[in-house]
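Trainee: Sequence and predicted model, in that order:
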Amino acid sequence: MQLIKKFVGLFSIIALLSGLFVPNLVAAQSKGVVSPKASPAAAQISSFELFWPIVAGKTMDEPWYFLKSFKENLRGMLIFGSPQKADYELLLATKRVVEAEKLINGGKTDYANKTLEIALQELGKSSLDLDKALSLKVSFQEQALNMTNKLSNLEVFIPWLMTQSEKSKENLGKVLEKVSLLSEKLQ
C-alpha cells in the first residue's frame, strides 16, 4: 500500500510538471500573422487563429489558476539567456491578453482588468530582458522573429478587443502602448 501511494504521488508530480519541459510551439504562431494594416473593426478577429497554440485555459477567476501561475513561474526560472526570457515573458503577456478576452466575453471585466495588469508587468519584464540582450549584442534572430510575430498579432488583436469592452479599454490601451514600444525595439 505504501509503495502504491509513493507511485501515485510521484506520477502526480510528474504530470503536474510535465508542461515545463514541453518544447515551446511558438514557431507555429507564424501561421496566424495578420497584416497590421488590416482593419480590426472590419471583421471578427479570432484569438485562436492569431495566437495558436495559445488558448486562455484557466483564468484568474477559477480556483486552480494558481497552479497554472506556479507552473509558468517555475518554467520561467528554468529559462536562461536574456533573449529567451524576453520571448517567454512576451508569451506570458500574450496568454494574459487571451485570458482577458475570455473574461471580457464572460462579463468579468474586473478580473479582465487585473489580468491585463499582469500582462503589463510581463511586457515590462520582457522589455528589460530585451534591452539586456540588445546591450550584450548577442544574436537572437529566432527569438526576435517569434517576438515580432506575437507583437504584430497583438497590434491587430488589442484594438479589436478594445471595441468589445468599454470597461477594459483603458487597460487595453496601456497594453497596446507597451506592445508598440517593444515592437519598436525589435526594429
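Mentor: Everything's here; your move.
Trainee: the strands in the chain, which residues?
Mentor: In order along the chain, the chain carries no strands (DSSP state E).
Trainee: helices or strands up against the helix of greatest length in it?
Mentor: In the chain, taking DSSP state H as the definition, the longest helix is helix 109-136. Judged by 3 or more CB pairs under 8 Å, 6 or more residues apart in numbering; DSSP states H and E, the packing partners of helix 109-136 are helix 82-105, helix 141-162, helix 169-186. Where you see a C-beta, it was placed from the backbone N, CA and C, and this is true even at glycine.
Trainee: out of the ones you listed, deepest packed?
Mentor: helix 82-105 (a mean of 24; mean count of other CB atoms under 10 Å).
Trainee: Report the inter-axis angle for it versus helix 169-186.
Mentor: Per axes from the mean of the first three to the mean of the last three CA atoms, to 10 degrees, the angle that helix 82-105 makes with helix 169-186 is 160 degrees.
Trainee: Return the alpha-carbon coordinates of helix 82-105 using PDB.
Mentor: Output of helix 82-105 as PDB, limited to C-alpha atoms (Å, rounded to 0.1, in the frame of the first residue of the first chain):
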ATOM      1  CA  SER A  82      18.000  37.300 -21.900                       C
ATOM      2  CA  PRO A  83      16.500  36.800 -25.400                       C
ATOM      3  CA  GLN A  84      14.900  33.500 -24.400                       C
ATOM      4  CA  LYS A  85      13.500  35.100 -21.200                       C
ATOM      5  CA  ALA A  86      12.200  38.100 -23.200                       C
ATOM      6  CA  ASP A  87      10.400  35.800 -25.600                       C
ATOM      7  CA  TYR A  88       8.900  33.700 -22.800                       C
ATOM      8  CA  GLU A  89       7.700  36.800 -20.900                       C
ATOM      9  CA  LEU A  90       6.100  38.100 -24.100                       C
ATOM     10  CA  LEU A  91       4.400  34.700 -24.400                       C
ATOM     11  CA  LEU A  92       3.000  35.000 -20.900                       C
ATOM     12  CA  ALA A  93       1.800  38.500 -21.700                       C
ATOM     13  CA  THR A  94       0.100  37.200 -24.800                       C
ATOM     14  CA  LYS A  95      -1.600  34.500 -22.700                       C
ATOM     15  CA  ARG A  96      -2.800  37.100 -20.300                       C
ATOM     16  CA  VAL A  97      -4.400  39.100 -23.100                       C
ATOM     17  CA  VAL A  98      -6.100  36.000 -24.400                       C
ATOM     18  CA  GLU A  99      -7.300  35.200 -20.900                       C
ATOM     19  CA  ALA A 100      -8.600  38.800 -20.600                       C
ATOM     20  CA  GLU A 101     -10.600  38.300 -23.800                       C
ATOM     21  CA  LYS A 102     -12.200  35.200 -22.300                       C
ATOM     22  CA  LEU A 103     -13.000  37.200 -19.100                       C
ATOM     23  CA  ILE A 104     -14.400  40.100 -21.100                       C
ATOM     24  CA  ASN A 105     -16.600  37.800 -23.100                       C
END
